[in-house]
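Asks: coords below, sequence missing:
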Ligand SMILES: Nc1ncnc2c1ncn2[C@@H]1O[C@H](COP(=O)(O)OP(=O)(O)O)[C@@H](O)[C@H]1O
Ligand SMILES: [Mg+2]
(Lines give C-alpha, C1' and ligand atoms only; values in the text may rest on other atoms or scores of the structure.)
(Ligands and ions follow the chains in the order given, each with its own letter.)
Protein backbone atom coordinates (compact mmCIF):
# COMPACT_ATOMS: atom_id res chain seq x y z
CA UNK A 1 0.00 0.00 0.00
CA UNK A 2 1.43 3.34 -0.97
CA UNK A 3 1.48 6.17 1.57
CA UNK A 4 0.55 9.71 0.53
CA UNK A 5 1.85 12.30 2.99
CA UNK A 6 1.44 16.07 2.89
CA UNK A 7 4.14 18.24 4.50
CA UNK A 8 2.48 21.29 6.00
CA UNK A 9 3.10 24.26 8.24
CA UNK A 10 1.00 27.19 9.35
CA UNK A 11 3.93 29.55 9.21
CA UNK A 12 6.15 30.03 6.15
CA UNK A 13 9.81 29.06 6.00
CA UNK A 14 9.79 26.36 8.69
CA UNK A 15 11.58 23.98 6.33
CA UNK A 16 8.82 21.99 4.61
CA UNK A 17 10.68 21.75 1.33
CA UNK A 18 14.00 20.93 2.98
CA UNK A 19 12.37 18.24 5.13
CA UNK A 20 10.49 16.85 2.09
CA UNK A 21 13.77 16.43 0.26
CA UNK A 22 15.70 15.03 3.26
CA UNK A 23 12.93 12.55 4.01
CA UNK A 24 12.62 11.54 0.36
CA UNK A 25 16.36 10.80 0.21
CA UNK A 26 16.16 8.76 3.43
CA UNK A 27 13.20 6.72 2.12
CA UNK A 28 15.03 6.01 -1.13
CA UNK A 29 17.95 4.68 0.93
CA UNK A 30 15.46 2.18 2.42
CA UNK A 31 14.82 1.04 -1.18
CA UNK A 32 11.47 2.79 -1.39
CA UNK A 33 10.22 4.23 -4.65
CA UNK A 34 9.33 7.83 -3.87
CA UNK A 35 7.53 10.59 -5.76
CA UNK A 36 7.97 14.10 -4.40
CA UNK A 37 5.19 16.40 -5.63
CA UNK A 38 5.80 20.13 -5.30
CA UNK A 39 2.46 21.83 -4.68
CA UNK A 40 3.81 25.27 -3.84
CA UNK A 41 2.53 26.95 -7.02
CA UNK A 42 4.34 30.15 -7.84
CA UNK A 43 7.02 29.46 -5.21
CA UNK A 44 8.32 26.09 -6.35
CA UNK A 45 11.75 25.12 -5.12
CA UNK A 46 12.08 21.34 -4.83
CA UNK A 47 13.41 21.17 -8.42
CA UNK A 48 16.24 23.52 -7.45
CA UNK A 49 17.03 21.51 -4.33
CA UNK A 50 17.25 18.32 -6.40
CA UNK A 51 19.21 19.99 -9.21
CA UNK A 52 16.68 19.11 -11.93
CA UNK A 53 15.39 22.62 -12.71
CA UNK A 54 16.98 22.82 -16.18
CA UNK A 55 15.23 19.65 -17.35
CA UNK A 56 11.70 20.77 -16.55
CA UNK A 57 9.18 21.25 -19.33
CA UNK A 58 5.83 20.21 -17.85
CA UNK A 59 4.47 20.61 -14.35
CA UNK A 60 1.56 19.42 -12.23
CA UNK A 61 -0.86 21.92 -13.83
CA UNK A 62 -0.08 20.45 -17.28
CA UNK A 63 -0.57 16.92 -15.95
CA UNK A 64 -4.05 17.68 -14.59
CA UNK A 65 -5.08 20.03 -17.38
CA UNK A 66 -4.37 17.62 -20.23
CA UNK A 67 -1.40 19.70 -21.43
CA UNK A 68 0.75 16.58 -21.28
CA UNK A 69 0.64 12.93 -20.37
CA UNK A 70 0.90 12.45 -16.58
CA UNK A 71 4.23 10.69 -16.94
CA UNK A 72 5.72 13.66 -18.84
CA UNK A 73 5.42 15.80 -15.72
CA UNK A 74 7.30 13.26 -13.58
CA UNK A 75 11.08 13.62 -13.63
CA UNK A 76 13.72 11.10 -12.65
CA UNK A 77 16.29 12.62 -10.34
CA UNK A 78 19.43 11.08 -11.78
CA UNK A 79 21.52 11.66 -8.68
CA UNK A 80 19.15 9.82 -6.39
CA UNK A 81 18.16 6.46 -7.82
CA UNK A 82 14.52 5.75 -6.95
CA UNK A 83 13.45 9.34 -6.43
CA UNK A 84 10.97 10.97 -8.81
CA UNK A 85 9.58 14.47 -8.67
CA UNK A 86 6.67 16.43 -10.11
CA UNK A 87 7.18 20.20 -10.19
CA UNK A 88 4.62 22.78 -9.10
CA UNK A 89 3.25 25.31 -11.57
CA UNK A 90 5.54 28.29 -12.05
CA UNK A 91 2.65 30.71 -11.66
CA UNK A 92 0.31 30.85 -8.68
CA UNK A 93 -2.52 31.43 -11.22
CA UNK A 94 -2.10 27.82 -12.33
CA UNK A 95 -2.77 26.33 -8.92
CA UNK A 96 -4.64 23.02 -9.15
CA UNK A 97 -7.92 22.34 -7.36
CA UNK A 98 -8.24 19.82 -4.50
CA UNK A 99 -10.48 17.37 -6.37
CA UNK A 100 -8.33 17.40 -9.49
CA UNK A 101 -5.08 16.83 -7.61
CA UNK A 102 -6.65 14.05 -5.54
CA UNK A 103 -7.75 12.33 -8.73
CA UNK A 104 -4.27 12.61 -10.25
CA UNK A 105 -2.60 11.19 -7.14
CA UNK A 106 -5.12 8.34 -6.99
CA UNK A 107 -4.31 7.44 -10.58
CA UNK A 108 -0.56 7.24 -10.03
CA UNK A 109 -0.14 6.26 -6.41
CA UNK A 110 0.14 2.50 -6.91
CA UNK A 111 3.37 3.09 -8.84
CA UNK A 112 5.14 4.36 -5.70
CA UNK A 113 5.76 3.30 -2.11
CA UNK A 114 5.56 6.91 -0.94
CA UNK A 115 4.18 10.11 -2.40
CA UNK A 116 5.33 13.18 -0.46
CA UNK A 117 3.44 16.39 -1.21
CA UNK A 118 5.23 19.63 -0.38
CA UNK A 119 2.64 22.34 0.27
CA UNK A 120 2.57 26.13 0.56
CA UNK A 121 2.46 27.56 4.09
CA UNK A 122 -0.87 28.30 5.72
CA UNK A 123 -4.33 26.86 5.32
CA UNK A 124 -5.20 28.46 1.97
CA UNK A 125 -6.30 26.87 -1.28
CA UNK A 126 -2.83 25.55 -2.19
CA UNK A 127 -2.59 23.72 1.12
CA UNK A 128 -6.14 22.41 0.71
CA UNK A 129 -5.30 20.89 -2.65
CA UNK A 130 -2.15 19.25 -1.30
CA UNK A 131 -3.92 17.91 1.78
CA UNK A 132 -6.96 16.67 -0.15
CA UNK A 133 -4.71 14.24 -2.00
CA UNK A 134 -3.04 12.93 1.17
CA UNK A 135 -3.89 10.25 3.75
CA UNK A 136 -1.69 11.68 6.48
CA UNK A 137 0.32 14.78 7.34
CA UNK A 138 3.68 15.80 8.72
CA UNK A 139 3.47 19.24 10.32
CA UNK A 140 6.85 20.96 10.19
CA UNK A 141 7.49 23.54 12.89
CA UNK A 142 10.43 25.44 14.32
CA UNK A 143 10.67 25.35 18.12
CA UNK A 144 9.04 28.72 18.77
CA UNK A 145 5.53 29.98 19.68
CA UNK A 146 4.56 31.52 16.32
CA UNK A 147 5.32 28.27 14.62
CA UNK A 148 3.48 26.21 17.24
CA UNK A 149 0.39 28.37 16.76
CA UNK A 150 0.60 27.64 13.05
CA UNK A 151 0.64 23.94 13.87
CA UNK A 152 -2.63 24.27 15.79
CA UNK A 153 -4.24 26.07 12.83
CA UNK A 154 -3.12 23.35 10.46
CA UNK A 155 -4.39 20.62 12.79
CA UNK A 156 -7.81 22.27 12.89
CA UNK A 157 -7.97 22.48 9.11
CA UNK A 158 -6.77 18.89 8.68
CA UNK A 159 -9.42 17.68 11.12
CA UNK A 160 -12.11 19.56 9.15
CA UNK A 161 -10.83 17.79 6.04
CA UNK A 162 -10.99 14.39 7.73
CA UNK A 163 -7.23 13.87 8.10
CA UNK A 164 -6.60 12.71 11.65
CA UNK A 165 -3.20 11.11 11.13
CA UNK A 166 -0.88 14.10 11.69
CA UNK A 167 2.58 13.97 13.27
CA UNK A 168 4.93 16.69 14.39
CA UNK A 169 8.39 17.38 12.94
CA UNK A 170 10.43 19.90 14.91
CA UNK A 171 12.93 21.33 12.44
CA UNK A 172 15.98 23.56 12.89
CA UNK A 173 16.43 22.53 16.50
CA UNK A 174 19.41 24.15 18.18
CA UNK A 175 19.61 23.40 21.94
CA UNK A 176 21.30 26.70 22.76
CA UNK A 177 18.65 28.75 20.92
CA UNK A 178 15.86 26.71 22.51
CA UNK A 179 17.25 27.23 26.02
CA UNK A 180 17.89 30.94 25.44
CA UNK A 181 14.30 31.36 24.21
CA UNK A 182 13.28 29.92 27.58
CA UNK A 183 9.55 29.77 26.80
CA UNK A 184 9.19 26.02 27.03
CA UNK A 185 10.40 24.12 30.09
CA UNK A 186 11.64 21.37 27.80
CA UNK A 187 10.85 19.74 24.47
CA UNK A 188 7.96 17.79 25.99
CA UNK A 189 6.32 21.07 27.02
CA UNK A 190 6.63 22.32 23.44
CA UNK A 191 5.06 19.11 22.12
CA UNK A 192 2.20 19.43 24.64
CA UNK A 193 1.50 22.95 23.38
CA UNK A 194 1.53 21.77 19.76
CA UNK A 195 -0.97 19.00 20.72
CA UNK A 196 0.54 16.75 18.10
CA UNK A 197 2.49 13.53 18.48
CA UNK A 198 6.18 13.93 17.72
CA UNK A 199 7.79 11.89 14.95
CA UNK A 200 11.14 13.67 14.46
CA UNK A 201 13.48 16.37 15.67
CA UNK A 202 15.72 17.65 12.89
CA UNK A 203 18.73 19.66 14.09
CA UNK A 204 19.78 23.03 12.77
CA UNK A 205 22.24 22.02 10.08
CA UNK A 206 23.98 24.56 7.86
CA UNK A 207 25.15 21.73 5.62
CA UNK A 208 21.64 20.71 4.61
CA UNK A 209 20.76 24.32 3.90
CA UNK A 210 23.86 24.65 1.71
CA UNK A 211 23.50 21.46 -0.33
CA UNK A 212 19.78 22.11 -0.87
CA UNK A 213 20.46 25.61 -2.18
CA UNK A 214 23.21 24.25 -4.45
CA UNK A 215 20.92 21.55 -5.86
CA UNK A 216 23.09 18.79 -4.39
CA UNK A 217 20.57 17.12 -2.10
CA UNK A 218 21.11 13.39 -1.96
CA UNK A 219 24.68 13.55 -3.23
CA UNK A 220 26.32 14.35 0.07
CA UNK A 221 25.86 13.12 3.61
CA UNK A 222 24.98 15.87 6.08
CA UNK A 223 24.79 15.90 9.91
CA UNK A 224 20.97 16.01 9.93
CA UNK A 225 20.77 12.86 7.78
CA UNK A 226 20.60 10.61 10.85
CA UNK A 227 17.44 12.42 11.93
CA UNK A 228 15.95 12.03 8.43
CA UNK A 229 16.89 8.34 8.42
CA UNK A 230 15.14 7.88 11.76
CA UNK A 231 12.06 9.74 10.48
CA UNK A 232 11.91 7.42 7.45
CA UNK A 233 12.32 4.36 9.69
CA UNK A 234 9.49 5.56 11.93
CA UNK A 235 7.19 5.92 8.92
CA UNK A 236 8.11 2.30 8.17
CA UNK A 237 6.86 1.31 11.62
CA UNK A 238 10.23 1.01 13.34
CA UNK A 239 11.11 2.75 16.58
CA UNK A 240 14.57 4.34 16.34
CA UNK A 241 15.64 7.07 18.76
CA UNK A 242 14.34 10.59 18.14
CA UNK A 243 17.95 11.82 17.96
CA UNK A 244 17.46 13.47 21.35
CA UNK A 245 20.89 12.29 22.49
CA UNK A 246 22.51 13.78 19.42
CA UNK A 247 20.92 17.10 20.32
CA UNK A 248 21.99 16.96 23.95
CA UNK A 249 18.41 16.74 25.25
N1 LIG B 1 17.39 21.81 9.46
C2 LIG B 1 17.78 22.97 8.93
N3 LIG B 1 18.94 23.56 9.30
C4 LIG B 1 19.31 24.75 8.80
N5 LIG B 1 18.61 25.44 7.89
C6 LIG B 1 17.44 24.91 7.48
C7 LIG B 1 16.96 23.66 7.97
N8 LIG B 1 15.76 23.41 7.38
C9 LIG B 1 15.51 24.46 6.56
N10 LIG B 1 16.51 25.36 6.62
C11 LIG B 1 16.57 26.66 5.91
O12 LIG B 1 15.39 27.38 6.21
C13 LIG B 1 14.96 28.14 5.08
C14 LIG B 1 13.53 27.75 4.73
O15 LIG B 1 13.52 26.38 4.33
P16 LIG B 1 12.47 25.83 3.27
O17 LIG B 1 12.65 24.35 3.23
O18 LIG B 1 12.54 26.58 2.00
O19 LIG B 1 11.11 26.17 4.04
P20 LIG B 1 9.60 26.14 3.54
O21 LIG B 1 9.51 25.15 2.43
O22 LIG B 1 8.81 25.72 4.75
O23 LIG B 1 9.27 27.53 3.11
C24 LIG B 1 15.97 27.83 3.98
O25 LIG B 1 16.95 28.85 3.98
C26 LIG B 1 16.57 26.51 4.40
O27 LIG B 1 17.87 26.31 3.90
MG1 LIG C 1 8.80 25.35 0.51
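Replies: Perfect, I can see it now. As the structure is a computational prediction, the values presented were derived from the model and not from experiment. Numbering: from 1, shown residues only. Ligands and ions are numbered 1, 2, ... in the order given.

Asks: Against residue 228, how distant is residue 126?
Replies: Distance, residue 126 to residue 228, by C-beta to C-beta, to the nearest Å: 25 Å. In this view, the C-beta of every residue, glycine as well, is placed from N, C-alpha and C.

Asks: again, but for residue 172
Replies: Separation of residue 172 from residue 228 (C-beta to C-beta): 13 Å.

Asks: shared neighbours of these two, anything?
Replies: With contacts defined as C-beta atoms under 8 Å, 6 or more residues apart in numbering, the residues shared by residue 172 and residue 228 are residue 202.

Asks: Give the helix, strand or coil label for the residue lying closest to residue 96 once chain neighbours are set aside.
Replies: Nearest residue to residue 96 in three dimensions, chain neighbours excluded: residue 64, at 5.1 Å (C-beta to C-beta, 6 or more residues apart in numbering). Under DSSP: H, G, I helix; E, B strand; the rest coil, residue 64 falls in the helix class.

Asks: neighbours around residue 64, how many?
Replies: Residues lying near residue 64 (other C-beta atoms under 10 Å) number 20.

Asks: Per-residue pLDDT of it, please?
Replies: Residue 64 carries a pLDDT score of 88 in this model.

Asks: roughly how far apart are the residue of the chain found nearest ligand 2 and ligand 1?
Replies: Closest approach between the chain and ligand 2, counting by C-beta to the ion: residue 17, at 3.3 Å. Distance check for residue 17 against ligand 1: by C-beta to the nearest ligand atom, to the nearest Å, it reads 3 Å.

Asks: in which helix or strand would I find that residue?
Replies: Here residue 17, judged by DSSP states H and E, is contained in helix 16-29.

Asks: List the buried residues of that helix.
Replies: For helix 16-29, burial by neighbour count (16 or more other C-beta atoms under 10 Å) applies to 16-28.

Asks: As CSV, the residues you listed with pLDDT would be great.
Replies: Listed next are the buried residues of helix 16-29 as CSV, based on pLDDT from 0 to 100:
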residue, pLDDT
16, 97
17, 96
18, 96
19, 97
20, 97
21, 95
22, 96
23, 97
24, 96
25, 95
26, 96
27, 97
28, 96
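
Asks: Same list, those residues, but as a markdown table with distance to residue 81 please.
Replies: What follows is the buried residues of helix 16-29, written out as a markdown table (distance: C-beta to C-beta, whole Å):
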| residue | distance to residue 81 |
| --- | --- |
| 16 | 24 |
| 17 | 21 |
| 18 | 21 |
| 19 | 21 |
| 20 | 18 |
| 21 | 15 |
| 22 | 17 |
| 23 | 16 |
| 24 | 12 |
| 25 | 11 |
| 26 | 14 |
| 27 | 12 |
| 28 | 7 |
